[in-house]
Every structure is written in structure tokens, then in C-alpha cells.
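Chemist: structure here, sequence nowhere to be found:
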């Protein structure tokens, strides 16, 4: 038996930590375990991927998990994010654990050949920890679903949280959160089948038919990155109070504020990351905030 | 133009001038310095229409060189030895930017210990950098290869920087006959540099951006490899035009007395002249000896090497460099070129010599042929030769005794 | 400050955007904000030359937020890249191969790791050669892109990944922040200035002033780093403001070696107010406050401003905290 788990989160949500907690837990439970994160251009809020494999026998795999048995999706906006593609390669009969307040049918990525377990981890994390750090919760859900014992999991959780330098108080809050989630999930017996996939290898002559310089001639083309997906909190302008003083505009690091045709300040929500500098700096308190996904 | 006596360094500078180079960022290092001093003179006199700037290190010199090439200037510069290593990070960047330029490397062995004379560990350390490499045997070749290097580097199929190598002292400071071509003919040979997306106000471009993903990185690296391979056809075409205009023929390799040769010695750079002399000497004794000179080292002339070395009784590779724990650096490249040749030579003898410019006698080179004839063809791998004459060992041991050892 | 400035209030900030939305920097990044404001002040026709750092990743193929030219060089040698571009433009224009309308303002942009450490030599070279360029250092006081390790810009008593707080090292970093402003000034750069995003008009005017000066124009921007410093991104500007008001980050400029403070706080806010906003100084307050370390920092700030008072006697100087 080998189980391959792929975590999809946004920078700052704790995908890497979750993969390590699960790695610890499986190792403590007597499995061979392997975990690793992929670092890229990710920043706080950008899509992040991390992996855990555990097996009764020696693990003969390494690197990116193309065909996971379980995907753990820590932010439901990722289910529709093509750069994240959390369901890609998920085995038939596999399990997706999605942090969401929405019904499973809305966050299954269109896959009907998988099991979907939804949990509102963000709400629980905000209630227990006071911030949307999801590593303990998502790791607890995966550990319980895959049948890792409570003792092995809790020990692995505490080991990892100590390793990342959390205070005793923060650790005990995380343990409380993890215990609550561990208790609401049931073990799931998975019978997964790898999806048929064969990609043809391309001859070098075909690969190199282009110009081959990595020049970007379409400069200023980054709006398609849609960094608005990174947002946890959304700034909302109260136009009754706003006097278009331009202070928010001046201090927006994203160029996401602009004066519209009517001369009024508008926010480009496609790329506003929700840093909320505008709210802090607004002298008239004309900018409010909304939690994303909790309206 | 009437032939004149000049050093390899001056030939390099003269070729840069004929190439109508726009920009020369520079930094001094022996034995290259004469090149940049000569250009500094010409630029200040106004006899060469180029901007000369001295930087504060080779790393910065190469950064400025690459950035200027990306802005549309034709760039020339020179270094040696430690300087090339100090700039090494930028070599990979400049080739990755696909910024054509010409860098002279005046070979000098690498510290430690410090020495001023040549071997090829410096230039071969750049063999994987994406720079094209052309190596010269004579001062005439230095000048000609600079012009060929610009033509090939700036070819739209290639767009890669190039190193032209000349040995310190044995070429850099050696005066011999050089015929420089006329400016008008060089202008016919070498069109103006016209890169596709230079850095511009009206057409901004982003260069050297991160790719962050392996598939994109692989895509661009494969493209660079393909461009380097295309440099072979670009070189052949350029060499044809060169011969038409200037009468001198250049291939990626050059054979010497190969027609009926049974024993062939592979060499590169200035000591090749001594190899030719040895071929002539052993030929007088009835040995069917020949020589293959590597002129182009990147892209590697795999097919040409295979075609000219196959069917021989024994070939030898003379490496004027050393990869400690392996041996010569070019030996495995030659061996790989021969692996899939049906009629490959009976043996391939590794020879290392000339490190730090250690002098070679023609007698030593004759002994290499002697050893080739003694090789057990089809038998065990021949024992590598590391050239050192007995009187040299005696002198070395005397020096070590003088330096003393703690008892 | 000359009265000819275009920038009277923050409302005068140019409305052209030269950085498209969708950059990859962290939310609340002071560095990208500095680049945005700097670019607005300079206008179009810019070539940015970058050394390794957070900003490098902002241009990730095939997307570039910058509408102007960009060249990533290497960690150590962005000023040499600026030299190559400047020289190439000059020589091509001199030879008539390029129209004057194609001229560009060449701007090096690096973090403090490049400016204070590995690129210090190439910057010194460019200054010595009197290269006509701008240098914008977004100073977040550590190697942020690699996860916040100490640089020679890291202040005393800041923790970092390579100056962790342990029983033997209760204050984190034991070294002092290198005085890059003075180092650059000592090399005779005609214009050197410090910036803070929180003081936007001062920022804009200094860039405007640099435009009138030929040669190296060097700027150090105090770039708040929510991720590395450990604070909520919404306080980015507030943290910078506090650094200025506590006197930790003096706003000043040097024109041909003559230093003038462009903003002098009336009275210094105690540094404690600034330090406690950031987790990198968290060990100075938790589990128990370490007043001796805070006092050491306060003393060095007070000494600095006392010296300013002595040297710039015509200026009002702040009351020490």
C-alpha cells in the first residue's frame, strides 16, 4: 500500500507545513514516508504545492506527484485556477479534501469519479487560531481519512509545530483545532486507479522550431496572472465617504487602483491582492473590508 | 593588404577594428593586456570608432559587454585565465540572453600555483557555457577567426556569443606574418549587427527574465543547443565567403598529411605547429603519421573528427589541460565522436602535456608517435602519457628540495 | 528644495501607470511600491537593470508587469549592466545608428543584498566612472527573496534566519547596519538620497531633483517587508512612517557631498513604538521586554540626530526620545 497526497494551497496557508505534519504522522505510525514542497515564484497568496507519500514498503518514487490518490485543496478558489489545477491526475476513485463552505458539487473540478470531502477549515481556523493558517486542520483531515492513528498524528503535529518555532500556546490551539477536525472525519478506504495517460515525447527538431530567445516583447502583460485570487480580505470603497483624494491610489503596490471615467477611484479586483494598505491609509475611513468567500 | 609582422594580441585588436566594433569594455590581465591597450590607444586617437571603457572586474566587464550587445552595439573584449573564471557566471548569462559578441581568451594556466604561460583549462572551463569556441594556431588565424566569429555569432540562426582562443606568449607575444584584409572587403564579408529585439524606448523588451519552471528552462536550453549546432552550417557558409574574399580556407577541423596516415595525433592551439613538425620528422623515418587540428571546439565537430580519425591504426589526443582524476578534457569528447563509427581506430592514446606552458620539444612529440606505434591494437586501454622530460623532473626536484620540507 | 517642483501634494503623483497589475510580489510589498512611484516620477523611456532579489521574480516569463525595458543581469553586477546599456546607447547615437528619441533613463534596481553586499564593488566602479544612471535600492534590511537572512543592511538586534535568537544570542543580529548613504557619498556620487514610500512627496521630489543631475543618482528606499519583518501587510506604510518619525530612517539627500535632511521630525517618537510593530524584533518584547537592547537602539538614534543638529545648525532638530 502506498498513498500519494498532493497539497494545494496559497502561500502563507501552510501547505508545506501540512505536508510535513502528515509526513511525521505517517512515519510515527510505522510507514515509510517522504515529503517535499515545490518552491517557485510563490509569495504569500500565490499557489503553492507540497507532497507527502507514505507506504508500508520502500518508497520507489520521487519528485512531483502526477497521479495522487488524495488531493488536499486548502483554498476553494484553487479549484478553478488553471495555474494550480488541483485535480489534475487525481486517480479514479481518489479523494479530494477541499476547504470550503460551498457544497461538494461546486468544488469537485467537474470530476464525478472521485470522492469529495468538504470542510470549512478557514472558519474553524479563524475561530480557534484567529488567523487563516490551515496546515494543522488539513493535515488532520488527511491523516484521519487515510487511517493514521490519533497518537501518531498528534505527535507528528507537535513535532512539526515546534520545528517551525510556534509558542506553546499556539501549539495547544493548533492541537485543539486538529483534534476537532480529526474527530469529524472518518477513515476512507480508497481503491484508486491511475488515469490512462501517455504523453508523446517530442523530437528536438520540433521543440526548437521557434526563435528561442526568452524576450518578453508584450511588456506590461501581467494582468492575466489574476493575483486577485491571492486575496483573503477584500477592500470595498464607500463612495459616499470617498473624496477621491488619491492617497489610496498613491500607496497601492499593485497598480490596482485607478480613477475611472467618472473621476472616481475604482479597484481592479482581478489583481488586487488584498493587502489593505488602502484601508489603513484612507484618511476618511471610506474603505471597508470583506472576507473573501464569506460574504 | 601587405603582410606585416605583428603579435597575436595586435592581430586580435586589428581584427576588432576591421569588424567595426562599437564597444570595448575592458579589464587588464596578463597576457591579454596588450589587446586592450592597443584598442585604448586607437579609440583615444580616433583611429578606431569605438567606445572603450575600463571596468572594475572581469565580471562587470562581461556584464557590460552582454548588456551592450543586447542594446544593439557590436561588442569586443578580451581576458585570460583567472579573469575568465571570475567572469564565468556572466558567460552563462550572455549566452542565455542570446547576445552575440566576441571574447578573446588569451590562454594562461589557472592558479594555484600562479603561472603566466598557457594551457587550456581556462578556455575549456567555458566549454559548457553556450559560447561558441574557435581556437587558433597562428597569429593570422587569430585575426581571421575574429571576423569569422562575428559572422557566425550574429547569424540569425545562431545568435550566440563566441570565444576566440589564442595561447598566451606563444601567440599573444609572438610576432609573425599576418595579412590583414582591406576594410572594404571586411565590410562585404560582415554585415552590420542587427539583433531582433534590442533594448529600445519605442519598443520596450524584457530580457533575462526568470522562467521559474523546468519545462520552460528546458525549452530555452534546447533552443540554445540547436542554435549552437546550427553554428556549424553558419560557419561553413561564412568560411566559403571568407575564402572567396580573402583566399584563406578554414574548416572546423584541419587535417595535415592525413591521406595515408596510420597514426594520427589530435591537437589544438599554438603547439599544433610542433605536432606538424613531428609528423614531418617521423614521416622521414617511414612512419605514416598525420595530424588533426581542432579549430572549432564548440559546437564540437563530431562528424568531421569521426570522418578523419576512423580507419587509422592508432590515434592519440594531445590535451594541454588536465581534469584531475580524469585526465585530458578533450580525450573523452574525441572518444565519444568515434564510438558509433564502424571502422573506428584500433586504439586512442591519451596524452597530457604543455601544462602551464611547459615547453615541448619536437623530440617529445616524436616519442608520442613512437608510443602510438607500440600500442597493443585491440588490446588493453593504452597507458596515458603525461609528458615530462627527465631533466625537467631533476630541476623540479631540486626546487622542491630548496623550498624544503618539515622533517 | 527648489520651488520649481511639480509635486506639491500627493495628489500630484503622475497618473500614468508603468507597472501593470498582476506582479508576483507579496501583498503589501514596499519594494514594488517604490519601483512604481519611482517610475511614475521618471516617466516613460526607462531601462531597468536588475540584480538577483525579490524583484527578479516579478518578471517571470512570459509575463512582465513592467511596460518599460528590463534586463536581469546577475547578483553582483547590475551597475555594470547599466554601464553597458548606457554606453551602447551613447555610442549608437554618436554614430548616428540610433535616434536621440530612443534615449533611455537607465535605472539599476536591487535589494539591499546586492546594494550593500555582493554588488557593492560594481556600484563603486560605476560611481567612480561617473556613469549617468539611477540606482534604486529597495532596502528591506535582509535577503528577503531567499527567506530573510542577514545582509550587511540588517540592523542591530533584528532577528533573521541566519541571526536567530538563542540563549547565547538574545538580541539576534549583533552587527551594525552598514551606512550605505555615507559610503556612496564618500565615493563622490553627485546625488544620494534616502526615500520612504510613506513620504511620497519627498520621494517624488528627490527623483525629480535627480533628473537634473548628470552622473550617478543613488536612492535607498526604506521598503517595508510584511513577510520578512512579520507584520500585517496593511500596515506597510504605517511601519515606514514610524521608522521616519522615530528617526530610525532619516530622510535626507546629499548634493555634491553636502547633506541636508529633507524631513526632520519635531520630536522623535520612541524607537520602541517602531520596534514593537514587527516580529523580527519580537524577542525584544517577548517573553519579557529587553530594555537594554531597546535603549542601545534608542541611544544610537539620539546620537545620530544630535550629530545632525551639530552639523546642520540651520535646521530645526528633533527633541530626543
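Modeler: That came through fine. What you see is a predicted model, and the numbers here were worked out from it, not measured in a lab.
Chemist: residue contacts, whatever residue of the stretch 201-321 of chain C ends up closest to chain B?
Modeler: Relative to chain B, the nearest point of the stretch 201-321 of chain C is residue C:216 (13.7 Å; C-beta to the nearest C-beta). C-beta: built from backbone N, CA, C; applies to glycine. If a contact means C-beta atoms under 8 Å, 6 or more residues apart in numbering or on different chains, then residue C:216 has C:126-127, C:130-133, C:135, C:184, C:189-191 as its contacts.
Chemist: now these in a markdown table, with pLDDT?
Modeler: Supplementary listing: the contacts of residue C:216 in a markdown table, determined by pLDDT from 0 to 100:
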| residue | pLDDT |
| --- | --- |
| C:126 | 98 |
| C:127 | 98 |
| C:130 | 98 |
| C:131 | 98 |
| C:132 | 98 |
| C:133 | 98 |
| C:135 | 98 |
| C:184 | 98 |
| C:189 | 98 |
| C:190 | 98 |
| C:191 | 98 |
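Chemist: how far away from the center of its chain is stretch A:103-118?
Modeler: When C-alpha coordinates are averaged (C-alpha atoms, centre = their mean, to the nearest Å), stretch A:103-118 and its chain have centres 16 Å apart.
Chemist: quick one: end-to-end length of that stretch, please.
Modeler: Between the opening and closing residues of stretch A:103-118 lies a distance of 7 Å (C-alpha to C-alpha, to the nearest Å).
Chemist: same question for stretch B:29-37.
Modeler: Here the two ends of stretch B:29-37 are set 11 Å apart, with distance taken as C-alpha to C-alpha.
Chemist: what about residue B:103, which SS state?
Modeler: strand (DSSP: H, G, I helix; E, B strand; the rest coil).
Chemist: right, and it touches residue B:69 too?
Modeler: No. Residue B:103 is beyond contact range of residue B:69, at 10.8 Å (criterion: C-beta atoms under 8 Å).
Chemist: how many residues are close by residue 254?
Modeler: Reading this off chain A. Here the count is done by other C-beta atoms under 10 Å in any protein chain shown, and residue A:254 has 29 residues near it.
Chemist: switch to chain B, that's the one I care about
Modeler: Burial of residue B:254, expressed as a neighbour count using other C-beta under 10 Å, amounts to 18.
Chemist: residue B:290 is in contact with that one, correct?
Modeler: No. Between residue B:254 and residue B:290 there is no contact, the gap being 11.3 Å when judged by C-beta under 8 Å.
Chemist: before we move on, the earlier item: pull up the overlap in contacts between residue B:103 and residue B:69.
Modeler: Taking C-beta under 8 Å, 6+ apart as the contact rule, the neighbours common to residue B:103 and residue B:69 are residue B:161.
Chemist: returning to that earlier point: I'd like to know which of the contacts of residue C:216 are buried.
Modeler: Applying a neighbour-count criterion of 16 or more other C-beta atoms under 10 Å in any protein chain shown, the buried members of the contacts of residue C:216 are C:126-127, C:131-133, C:135, C:184, C:189-191.
Chemist: farthest pair in these?
Modeler: In terms of C-beta to C-beta, these reach their longest pairwise distance at C:132 and C:184, which sit 15.6 Å apart.
Chemist: which residues of chain B fall in helices?
Modeler: According to DSSP state H, chain B carries its helices in the segments B:8-18, B:33-45, B:58-70, B:81-86, B:88-96, B:121-124, B:139-153, B:183-189, B:214-246, B:272-284, B:302-309, B:330-338, B:362-374, B:390-403.
Chemist: of these, which is nearest residue A:70?
Modeler: Distances from residue A:70 to each of the helices of chain B were compared using C-beta to C-beta; the shortest belongs to helix B:214-246, at 24.5 Å.
Chemist: give me the helices and strands touching the closest one, please.
Modeler: Based on contacts counted as 3 or more C-beta pairs under 8 Å, 6 or more residues apart in numbering or on different chains; DSSP states H and E, the elements that helix B:214-246 packs against are helix A:204-207, helix B:88-96, helix B:139-153, helix B:183-189, strand B:296-298.
Chemist: quick revisit: so which of the buried ones among the contacts of residue C:216 sit within helices?
Modeler: C:126-127, C:184.
Chemist: what are the phi and psi values at residue C:260?
Modeler: In terms of degrees, to the nearest 10, the main-chain angles of residue C:260 are phi -140, psi 130.
Chemist: count the neighbours of residue 81 for me.
Modeler: You didn't say which chain, so I picked chain A. Burial of residue A:81 is recorded as 16 neighbouring residues (other C-beta under 10 Å).
Chemist: wrong one, chain B
Modeler: 29.
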